Each structure stands twice: as structure tokens, then as C-alpha cells.
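Asks: got a structure for you, letters missing:
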């Protein structure tokens with residue numbers, strides 16, 4: 001099982017995000033609270049999971065580029081309606 005872990009800030013809220021793969025296949029997205037930080041409310045968790053599912057491949061590619069190949073990239077702003 002492979003896991004890609006991220007810390008995500010959303011306004012004043014912060015969560016820990018894990019994208020889990022098993023045998024090379026996407027398995028699930030896990031969102032956990034961060035101690036001492038305000039968690040996402042239920043509505044934003046649902047929206048956030050949808051964004052991560054849609055952009056999962058790009059997120060993983062950028063994670064690998066940054067942490068494995070030391071390639072910097074600019075943040076991406078998503079402006080289209082999902």
C-alpha cells in the first residue's frame with residue numbers, strides 16, 4: 001500500500017490528507033484533523049474530496065516532481081465550477 005500525505009490549509013482550517021493506493025490502483029482518500037487546528041466542516045470535506053478526486057493524478061505527479069526530483073512549481077488556482 002502506498003500513501004501520499006499532505007497538509008492542506010483552507011482559510012483558517014487545516015487538515016491532513018492521505019491519498020491511498022493499493023497494488024497501483026487508487027483506493028481511497030482519508031482526511032484527518034490536525035491537533036490544535038480548526039477542522040473542515042462536513043460541507044467543505046465533501047467539496048474537498050471532490051476536488052482531490054478530480055485532480056488526484058496532477059496532485060500525485062506534482063508531489064513526485066517536488067519531493068523526488070526537486071522540481072519547483074507554482075501553486076495552481078482552480079476557478080472553474082466543479
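Replies: Noted; the coordinates are in hand. Computed from a predicted model, the values in this text were never measured in an experiment.

Asks: buried residues in the helix or strand where residue 46 lies?
Replies: Take DSSP states H and E as the rule and residue 46 turns out to sit in helix 42-67. Of the residues in helix 42-67, 45, 48, 49, 52, 59 count as buried by neighbour count, 16 or more other C-beta atoms under 10 Å. C-beta: built from backbone N, CA, C; applies to glycine.

Asks: any idea how far the second one is from residue 59?
Replies: To tie it back to what came earlier, the one meant is residue 48. 12 Å (C-beta to C-beta, to the nearest Å).

Asks: show me what the lowest-mean-pLDDT helix or strand in the chain is packed up against.
Replies: Across the helices and strands of the chain, mean confidence by mean pLDDT, DSSP states H and E is lowest for strand 2-10: a mean of 79. Under the contact definition 3 or more C-beta pairs under 8 Å, 6 or more residues apart in numbering; DSSP states H and E, strand 2-10 sits against strand 13-22, helix 42-67.

Asks: wait, what's in contact with the residue nearest to residue 53 when sequence neighbours are not counted?
Replies: Nearest residue to residue 53, sequence neighbours excluded (C-beta to C-beta, 6 or more residues apart in numbering): residue 29, at 6.8 Å. Each residue near residue 29 by C-beta atoms under 8 Å, 6 or more residues apart in numbering is listed here: 17, 18, 19, 20, 49, 52, 53, 56.

Asks: now, which of those sits nearest residue 37?
Replies: residue 17 (13.2 Å; C-beta to C-beta).

Asks: so how many other residues sit close to that closest one?
Replies: For residue 17, the neighbour count with other C-beta atoms under 10 Å is 17.

Asks: number of residues surrounding the closest residue to it other than its chain neighbours?
Replies: In this structure, residue 17 finds its nearest non-sequential neighbour in residue 6, 4.5 Å apart by C-beta to C-beta, 6+ apart. A total of 12 residues lie near residue 6 under the criterion other C-beta under 10 Å.
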